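> what's the 3D shape of this:
(chains A and B)
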Amino acid sequence: MADDTVAQGGRRAGGIWSRRLSAGQPLGAILLCVVLSAAATTATLSNLAAQLPAALWLDALGTPDVADMRLVLVHYAFLPRLAISLLCGAALGLAGTVLQQVLRNPLASPETVGVSAGAHLALALATLAAPSLLAFGREWVALVGAFVAIVAVVALSWHKRLSPLSVVLAGLVVSLYAGAIGAALIVLRHEWLASLFIWGAGSLGQQDWTTTLWLLPRLAAAVVAIGLMVRPLTLLGLEDEGARSLGLPLGVYRVAGLGAAVALIAFVVAAVGVIGFVGLAAATLARIGGARRLGQRLLMAPLVGAVLLWAADQAVQLATGPQGDLLPTGAITALLGAPLLLWLLPRLALASEAPALTAEHLPRSRRPGLVLAALGLSLIVLVGLALLLGPGPHGWSFAFGDQLQPLLSWRWPRVTAALSAGAMLALAGLMMQRLTGNPMASPEVLGISAGAALGMVLALFLVSDPGRPVQTAAATAGAFAALLVTLTLGRRAAYAPERLLLAGVALTALFDALILVLTATGDPRAMLLLNWLTGSTYGVDVGSALLTSAIALCLFLLAPAFIRWLDMLPLGAPAVQGLGIDLRKTRLAVLLMVAALTAASTLIVGPLTFIGLMAPHLARRLGLARALPQALGAVLAGALIMVAADWIGRTAIFPRQIPAGLVATLIGGPVLMWLLRRR
Amino acid sequence: MPENDRRAARRGSMTRRGALGLFLLPFAGSLSAAPRPLRIVSLDAGLTETLLMLGVRPVAIADREVWEKWVVEPPLPPEIADVGTLLEPNLEFLQQLRPDVILAIPYLDGIKPLLERVAPVTTIGIYTEEGRPYQLAVDATRQLARLVGKEEEGEALIAATEAGFLEIRQQLAPLSARPLYIVNFMDPRNVRVYGRQSLFQDVFDRIGIRNAWTGDTNYWGFATLGLDGLATASDARLAYMEPLPEGAGGTLTESPVWNAMPFVRNRSIMRLPAVLMFGALPSAARFAHELAKAMTGDAAHG
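Reported below is the predicted structural model:
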């Protein structure tokens, strides 16, 4: 059964487009290249003319006279930037196409499989912790990061046989985790005076030809490697059986193709940082444009990619003046690319995947009550510790007597808020996973968290001196707006889970891009934003603690109404409909509940935790199989993790603090990956 | 509320609670022969440096590490405690310090309700949309001096700062013809250049130096731009301030764009030690002093 679905997915991945185009030449893609090149050429000439009179253009090609700054800038800044945009765009387009072919996944791309994020994080870590490594070679650092990311993604989705959706979701988890570590670096270094995202926000700005010359041979080597593999890669698009019968060592070519694509991405990230979504857009547009055979796609996708990035970069320069460096082109392409992904979603014919939770053979506890009691007891002990034990100016101490009252007044709102938020996220995650039958589903992935964060960003940057009520209202509005987008996109497919999740991926990417653009300006408000994004419970006062716990209580009282559905939904759509349940209405109700839970908790712990993803799995691993005990177990586990994260965050580097959401992510990420690895 | 604070700061008066503290001050003095000094927690480095110059040691500050890297002078006495980061000072720690007053800036209005549960908060704005930080720093000095009962020292600090400017103005008069860029490197390609609304601009005006950057700035007084954005003024000099970001120093000298910049070609670049760009009078004085030292040293070298 599982084999069938995968095979089906593979066949569709080969020719997913519902619209049939002429099978001959990729006319659409060629037309697109011509139109975009014309626009890009016009923009380039206009940008160039703004810097240098046309009469001097030829002089700028040779080594310029240093006395004329205009010549120097064109020769050492404008021209290499032009070359870099073409090179990187082509490399990403090629990498995207190879990834899609090797993984037989129409959604694979440098961003969606986590490779860009991995390379970027490795470079950031090296810059901060061991700059000497960079002298040794940026590409090696980036390569290590990129390969660790792709290995993690493959490992996480292996048991689903690298099905398109599981790969993309694993890629998202890896990207989120890498992003969280990046945020931790900035928060812990607390350099609010310095700029934030100086490393690789995807700025294409150049000051000489060294990066271009550095990139050229490395890209060429990868291109040659791919060129030698065209035939075996073509066969990889076939069914495994078919290819194997031709006597090809499939595994070897899969790994080699993947390696070449990952190397291309790592080189680009090492050179200019993360260029969002160009890889996906180029590979997809080439395919829509009629490039059917792999040979055509391998040719057209790099062309489209190069023209896309060239046009985008020149447009950015038009908008910001010559060498507009501070609107990073990579972030701008992500801003444009995310809507593209949203537009693509309804046009993709992805096979629905087999429900995973039922397929797994995990131990079932015969005494779920006992497990729940143990969880509950641990929670009580932990809450006690979090309230009473902590460091002070004179070392660690248990608070009692006179000291207790003032300390408690600080601690209980944070503990309460963390507990409520953790519990709500856990319930939201459980509902998502049961609804979609996908073990990687969670509100973080649904894009609701990103929506809430987006609302907060707008409040911070558009309203002067926004108070907490304004921020709260804006975040809630953002969460529901994101939900609305997701629901609108999902309606056509009767809220089919896969579409919703992918819409979430796109929304999250859009949000990340916006954050990058805002923070790249070096505005001190960006630091305020980052503090909240990383899930600090610092600002929680009595009012918001009580409000959060009240909302949590109300929503938990509603939860029993959902339990029957949650038991049935994992059986799969046909079975549920067979039981006489209106699938659309059920899904809508569950989604609304998830949105409410997520919005309320995101306000407290930020959009980056993994609680919603992790807590249901923990409950399941503890042997809680049916919906009700699993829900209770997940809620307890979620609360437990969040209270622990808040406590650790408050005490680990006293008197400084690590935001609770960040601690939860840093602990939760590896735990989650380990849980998913184990079968 | 922040609007009120700003107005309060402009008038040189203070918030209600701060004023209350002041009313109590004479009583404290009259009740005991040696009045207990105010226990002050100062969250902003600009306010802290002013207090130190007035001869008052706050009990605690935020971000000691930032001080060592960005403020440098005056040196921080070791017994001053660190309450954590500027944006999230540790409230439990603060409470156990039992401060009489907490000094904050408008940037921290978001956490003011929390701070007020510990002690009265006095918000003093130097960097506001008004964009005349020097004048507001003078006001802040008077306000702080009144708060700690050191009005004389406050006036002396203001007078000494002004006198220092006057002296440096004369010293730099022969060098004042050429405009000067003042920048921080963000990375090897991008700089933060200080202009209108910055403390450095106000100092320039007082020591008779023309700022080469006349473009737009944000309300913190700087603009972030690519190095090549500085190429327009051909006779300008450039002073860049420490700390340098990782890797900026090494690659600078190799960049052909950097080497073709007019101020690099005619060797009109200076390296200044770190000066707090969001500081108060002591930072302004330190900036003028370090700049004069670099410019005259430069001139002596030829």
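
> switch to C-alpha atoms for all contacts and neighbour counts from now on
Fine.

> sec struct for B:Leu172, please.
B:Leu172 falls in the helix class when you classify it by DSSP: H, G, I helix; E, B strand; the rest coil.

> just confirm it contacts B:Lys293, I think it does.
No - using C-alpha atoms under 8 Å, B:Leu172 is not in contact with B:Lys293, being 9.8 Å away.

> the two: which is more packed in?
More crowded of B:Leu172 and B:Lys293, by other C-alpha atoms under 10 Å in any protein chain shown: B:Leu172, with 19 against 15.

> list the contacts of the residue nearest to the more buried one when sequence neighbours are not counted.
In this structure, B:Leu172 finds its nearest non-sequential neighbour in B:Ala292, 6.8 Å apart by C-alpha to C-alpha, 6 or more residues apart in numbering or on different chains. Each residue near B:Ala292 by C-alpha atoms under 8 Å, 6 or more residues apart in numbering or on different chains is listed here: B:Ile168, B:Gln171, B:Leu172.

> how about whatever helix or strand A:Val457 lives in: buried residues?
In this structure, A:Val457 sits in helix A:448-462 according to DSSP states H and E. Using 16 or more other C-alpha atoms under 10 Å in any protein chain shown as the test for burial, helix A:448-462 gives A:Ile448, A:Ser449, A:Ala450, A:Gly451, A:Ala452, A:Ala453, A:Leu454, A:Gly455, A:Met456, A:Val457, A:Ala459, A:Leu460.

> which other helices and strands does it contact?
Applying 3 or more C-alpha pairs under 8 Å, 6 or more residues apart in numbering or on different chains; DSSP states H and E, one finds that helix A:448-462 contacts helix A:468-491, helix A:497-520, helix A:525-533, helix A:583-605.

> the next helix or strand after the shortest one close to chain B?
Read that as helix A:525-533. Using DSSP H and E, the next helix or strand after helix A:525-533 towards the C-terminus is helix A:542-558. No - on the criterion C-alpha under 8 Å from any C-alpha of the partner chain, helix A:542-558 is out of touch with chain B, staying 10.2 Å away.

> just stretch A:376-395 next, same as before
Yes - using C-alpha under 8 Å from any C-alpha, stretch A:376-395 reaches chain B at A:Gly392, A:Pro393.

> run the chain-centre distance for that stretch.
Counting by C-alpha atoms, centre = their mean, to the nearest Å, stretch A:376-395 is centred 34 Å from the centre of its parent chain.

> need the contact partners of it.
A:396-400, A:404, A:408, A:411-412, A:415, A:636, A:639-640, A:643-644, A:647, A:651, A:654-655, B:92-93, B:96.

> hang on, isn't A:Leu219 packed against A:Ala266?
No - under the criterion of C-alpha under 8 Å, A:Leu219 is not in contact with A:Ala266, lying 10.1 Å apart.

> can you name the next helix or strand after the host helix or strand of A:Leu298?
A:Leu298 belongs to helix A:294-320 when assigned by DSSP H and E. Next helix or strand after helix A:294-320 toward the C-terminus (DSSP H and E): helix A:329-344.

> quick one, that next one and helix A:468-491 angle?
50 degrees (axes from the mean of the first three to the mean of the last three C-alpha atoms, to 10 degrees).

> what helices and strands are in contact with helix A:329-344?
So helix A:329-344, by 3+ C-alpha pairs under 8 Å, 6+ apart, packs with helix A:278-288, helix A:294-320, helix A:497-520.

> tell me which of the ones you listed sits most buried.
With neighbours taken as mean count of other C-alpha atoms under 10 Å in any protein chain shown, those reach their highest mean count in helix A:278-288, at a mean of 28.

> starting at the chain centroid, how far to that helix?
Worked out by C-alpha atoms, centre = their mean, helix A:278-288 lies 19 Å from the chain centre.

> that one to helix A:294-320, inter-axis angle?
130 degrees.

> which other residues reach helix A:278-288?
A:17, A:26, A:28-29, A:89, A:92-97, A:106-111, A:297, A:300-302, A:304-305, A:308-309, A:333-334, A:337, A:340.

> now the helices for the stretch 101-250 of chain B?
For the stretch 101-250 of chain B, the helices defined by DSSP state H, counting those that start in this stretch cover B:112-116, B:133-148, B:151-172, B:199-207, B:248-252.

> can you list these in JSON lines and add mean pLDDT and distance to A:Trp57?
Listed next are the helices of the stretch 101-250 of chain B as JSON lines, based on pLDDT from 0 to 100; distance: least, C-alpha to C-alpha, whole Å:
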{"stretch": "helix B:112-116", "mean pLDDT": "89", "distance to A:Trp57": "58"}
{"stretch": "helix B:133-148", "mean pLDDT": "93", "distance to A:Trp57": "45"}
{"stretch": "helix B:151-172", "mean pLDDT": "93", "distance to A:Trp57": "42"}
{"stretch": "helix B:199-207", "mean pLDDT": "93", "distance to A:Trp57": "38"}
{"stretch": "helix B:248-252", "mean pLDDT": "59", "distance to A:Trp57": "26"}
